[in-house]
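Asker: I would like to see how this sequence folds:
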Amino acid sequence: MPEITTNDVTLHYTDTAPEQATGNPVVLIHGWPLSGEAWKQQVPTLVAAGHRVVTYDRRGFGVSSKPDGGYDYDTMADDLAGLLEALDLTDVTLVGFSMGGGEVARYVGRHGEGRLRSVVLAAAVPPYLLRTDDNPDGGLSESDVQEMEDGARTNREEFLAGFTENFFSVDGELQVSSNDVADAVALQQPARDEAVVACIGAFARTDFREDLARLTVPTLVLHGSGDAVVPFEVSGRRSAEAVAGAELVVVEGAPHGFNVSHAEEFDKALVDFLAH
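Answerer: Below is the predicted model of the structure:
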C-alpha cells in the first residue's frame, strides 16, 4: 500500500482507477474498529462503474501509524483533508460508513465543500448519538458509552466479539457467514488499544448537527432498517431530515454491516447516486 504523511501521521491508502475513468473519484472511509479493507466488496464495483476509488486506514487502525492521541473528529477530519490534498482530489464523493460518516460531516464543517461533488452517509453516526437534554432522541446514554469504553478497555477480545456479532445481526439473527465475521475480526486486530477505546468516546459524544447544517452538495443517506448498532431512527432518519434535499435509501432487513450482508443493494444505491 502507498502512504502519505500528513498532520503528523502516516496514512496507508489504496488508489484504484479504471483505465478510462468516466466517473468522479470516490473516497471510502471505513467504520470502527476496522480498516480500509472493509470496503473490499465495493471497490471492484465502483471501479467497474468508471470511478477512481481511494480507501485508507484511519490513524490507529489497519497499517496506518498509531500515535498516542488525535482520536478526535477535528484531528481525523484534518487527516482526511491531508489525504485529499496530497492526492489532489477534486470533484470527489466522500463515502463515510458508521464512524466514517462523522469524518465526512466534520470535514465539511472544518474544510468546506470546495473539493467535493457529493457525500454519502452510510449507517453513519451523525447527527449525534449521545442522549442529552438538547438531544433527547440520541441513542446512547452517558452510562452506555462508559460501559462500552470499559468493555473495550478491560476485555477487548470479548467485547469486540460481541460487537461484531451485533454488527452483522438483525433481531439477534446473524445475516452473514461465519467467514465474514472472521474477516471482520481479523481487520480489528492491528488497531491500537488506545485508539479502539478513544474512538468510542469520539463517535458517541461528538455533536455533528452544525456540520450537517453546512452540507449543500448532493447527499445520500443510506441505512439498513435492522441496524442494531446505529439505529436508523436515531441516525439515518434524522440526518436525512437535517440535510436539505438529501436522498434517503433504506435497505429493508439489513444490519449495520450491510455493505457486506446486502452488498448488491448497497452497491446499487451507491452507483445509482454517483451517476447523478
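Asker: gap between residue 55 and residue 214?
Answerer: Noted for residue 55: a distance of 25 Å to residue 214, by Cβ to Cβ, to the nearest Å. No exception for glycine: its C-beta is placed from N, CA and C like everyone else's.
Asker: Looking at these two, which one has more neighbours?
Answerer: Per other Cβ atoms under 10 Å, whichever of residue 55 and residue 214 has more neighbours is residue 55, with 25 against 13.
Asker: tell me which residues form a beta bridge with the more buried one?
Answerer: residue 14, residue 28 (DSSP bridges).
Asker: Could you list the buried residues of stretch 254-264?
Answerer: For stretch 254-264, burial by neighbour count (16 or more other Cβ atoms under 10 Å) applies to 254, 255, 256, 257, 258, 259, 260, 261, 262.
Asker: and if you look at stretch 213-224?
Answerer: Residues of stretch 213-224 classed as buried: 215, 218, 219, 220, 221, 222, 223, 224 (neighbour count, 16+ other Cβ under 10 Å).
Asker: Out of those, which is nearest to residue 233?
Answerer: Nearest to residue 233 among these is residue 223, at 9.7 Å by Cβ to Cβ.
Asker: Need the contact partners of the strand or helix carrying that closest one.
Answerer: If you go by DSSP states H and E, residue 223 is part of strand 219-224. If you take Cβ atoms under 8 Å, 6 or more residues apart in numbering as the criterion, strand 219-224 is touched by 118-124, 170, 230, 232, 235-237, 239-240, 243, 245-251, 253-256, 258, 262, 266, 269-270, 273.
Asker: Quick one: distance of that strand to the chain centre.
Answerer: Taking the mean of its C-alpha atoms, strand 219-224 sits 12 Å from the chain's own mean (Cα atoms, centre = their mean, to the nearest Å).
Asker: Give me the distance from the helix or strand that it is followed by to the chain's centre.
Answerer: Downstream of strand 219-224, the first helix or strand assigned by DSSP H and E is helix 236-242. Distance of helix 236-242 from its chain centroid, counting by Cα atoms, centre = their mean, is 16 Å.
Asker: Can you dump the C-alpha atoms of helix 236-242 in PDB for me?
Answerer: Extracted in PDB, the C-alpha atoms of helix 236-242 (Å, rounded to 0.1, in the frame of the first residue of the first chain):
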ATOM      1  CA  GLY A 236     -30.200   7.900   9.300                       C
ATOM      2  CA  ARG A 237     -33.700   9.300   9.500                       C
ATOM      3  CA  ARG A 238     -32.500  12.400  11.500                       C
ATOM      4  CA  SER A 239     -29.600  13.000   9.100                       C
ATOM      5  CA  ALA A 240     -31.800  12.800   6.100                       C
ATOM      6  CA  GLU A 241     -34.100  15.400   7.700                       C
ATOM      7  CA  ALA A 242     -31.200  17.700   8.700                       C
END
